[in-house]
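Visitor: After the sequence you'll find the predicted model.
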Amino acid sequence: MTSPLAADDDDDGDSLGARAPEYRADVEIPRADVEVEGSSHVLHETVTDVATRGLIRDLADDPRFANNSGRCAHRDILDEAIGAWCAAHDLEHVQKTADAAGIGNARYNLPSEVLVHPQLTARDRWRQVDTPAGPIQALLPPPVIAGYQPAMGAVPGLGQHTDSVLAEFGIAPDEIDALRGQGAIGPAYP
């Protein structure tokens, strides 16, 4: 099975996954098709549940992983052990095992895969919006609220609203011209 994470596609960028600053104990499975979610509580369950199934037995009772500080300090060991187990199994098996243990998990979609995901079309999530370069397809915002249709207005051109926004702040037209002359703001929008 070819992993989308193993793909070398510059358009999709690099995932920081668990290395992103806002995460502390999540485990991104390297070169696999799934991310195992984990707050300190869930990550401990991940290690414990995976271990009790005979998958990574030596980690379940390891005192280094008894609390979140320890798990964070030894995240590389967890990443390697859980990643190795996941890499040895196909996506379906990994997800079924995690689901059975109540461990949050999700298939990792690259941006290019999200754009062609059939559920977005089936759920009527695409809208056409205008841009200075012509119309494009754009996704509706995630919340679905019965009886409410979010605004999907045109994408403004660079600097299109600069003068009106500055005027709302009480900046007079001659002051806006002076800012433009100093190069503090861009040229007037055509």
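Guide: That came through fine.

Visitor: Please work out how many residues are found near R64.
Guide: By other Cβ atoms under 10 Å, 13 other residues sit near R64. For the C-beta atoms, the positions are set from N, CA and C on the backbone; glycine is no exception.

Visitor: ugh, wrong one, T97
Guide: Neighbourhood size, T97 [other Cβ under 10 Å]: 18.

Visitor: quick one: average pLDDT of the host helix or strand of it?
Guide: According to DSSP states H and E, T97 maps onto helix 91-100. The average of the pLDDT scores along helix 91-100 is 84.

Visitor: Output the contacting helices and strands for that helix.
Guide: The elements that helix 91-100 packs onto, with contact taken as 3 or more Cβ pairs under 8 Å, 6 or more residues apart in numbering; DSSP states H and E, are strand 34-36, strand 105-107.

Visitor: And those, which one averages the lowest pLDDT?
Guide: strand 34-36 (a mean of 49).

Visitor: residues touching the nearest residue to L179 once chain neighbours are set aside, list them.
Guide: Spatial nearest neighbour of L179, excluding adjacent residues (Cβ to Cβ, 6 or more residues apart in numbering): I185 at 4.9 Å. Residues in contact with I185 (Cβ atoms under 8 Å, 6 or more residues apart in numbering) are G159, T162, L166, I176, L179.

Visitor: ok, and what's touching the strand or helix carrying the third one?
Guide: Assigned by DSSP H and E, L166 falls within helix 162-168. Surrounding helix 162-168, the residues in contact under the criterion Cβ under 8 Å, 6+ apart are P173, E175, I176, L179, I185, G186, A188, Y189.

Visitor: The fourth one: what secondary structure?
Guide: Read that as L179. helix (DSSP: H, G, I helix; E, B strand; the rest coil).

Visitor: Contacts only, for it.
Guide: With contacts defined as Cβ under 8 Å, 6+ apart, L179 is in contact with L166, I171, I185.

Visitor: give me that answer again for 10 Å
Guide: Contacts for L179 (Cβ atoms under 10 Å, 6 or more residues apart in numbering) come out as T162, L166, I171, I185, G186.
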